[in-house]
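Peer 1: quick one: sequence plus predicted model below, questions after.
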Amino acid sequence: MNLKNLLTVLVLSGSLAFATVSCKSKVSDADLRAKVESSISSNPGVTVDVKEGVVTLSGTVATEDERMAIENSAKSADSKGVKSVVNNIVVNAPQIEINSNDVDLKAKVVDATKDFPTISTTVNDGVITVTGTLEQARVQVLKQSLDALSPKRVDMSSLVIK
């Protein structure tokens, strides 16, 4: 074989190899989006957008662990089709409901029990719970002081009386 024929065979072989590699099928963005949405379907508060294989996640979740689990699910939905994941999911801070009546009552309870160092109190939903130890002679004074604050109830069942 002469050099001209060898060169022609090499060029044709290279072209054929390049054409084979470049013709591999790509997943469309719509198909990729459907796969990712299917993999995170248990999270209705999250939306998916796909552009040229880049998946963008948006929405809200309750915890950071949930946010990361959704991102990992999106990545594994199609490991060859997903080029990268942009995680714009926001973690909502838990809502803590504070009963302002309890805050006021707590302050009054602290003041009413300052002369009783051997007890401790907690206030929850208007109920004062007393724990610790107290002499029998002082129980009635404590009870009257706490009842005067108008709570829903005073629970002294955990109080040890000497």
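Peer 2: Alright, I've got the coordinates.

Peer 1: and the helices in the protein?
Peer 2: Listed from the start of the chain, the chain has helices (DSSP state H) covering 3-22, 29-39, 64-77, 100-112, 136-147.

Peer 1: gap between residue 37 and residue 90?
Peer 2: For residue 37, the distance to residue 90 equals 19 Å [Cβ to Cβ, to the nearest Å]. The way it works is simple: take the backbone N, C-alpha and C, and place the C-beta from them, glycine included.

Peer 1: the more surrounded of those two?
Peer 2: A side-by-side neighbour count of residue 37 and residue 90, using other Cβ atoms under 10 Å, places residue 37 first with 16 against 12.

Peer 1: for burial, what's the neighbour tally of the closest residue to the more buried one other than its chain neighbours?
Peer 2: For residue 37, the nearest residue in space outside its immediate sequence neighbours is residue 48; the separation is 5.1 Å by Cβ to Cβ, 6 or more residues apart in numbering. Other residues within reach of residue 48, judged by other Cβ under 10 Å, total 22.

Peer 1: and what of residue 89?
Peer 2: Residue 89: 20 surrounding residues under other Cβ under 10 Å.

Peer 1: which one is it nearest to, not counting chain neighbours?
Peer 2: The shortest distance from residue 89 to any residue other than its chain neighbours is 4.8 Å, reached at residue 67 (Cβ to Cβ, 6+ apart).

Peer 1: separation between the one you found and residue 61?
Peer 2: Applying Cβ to Cβ, the value for residue 67 to residue 61 is 5 Å.

Peer 1: any common contacting residues for those two?
Peer 2: Counting by Cβ atoms under 8 Å, 6 or more residues apart in numbering, the shared contacts of residue 67 and residue 61 are 89, 91.
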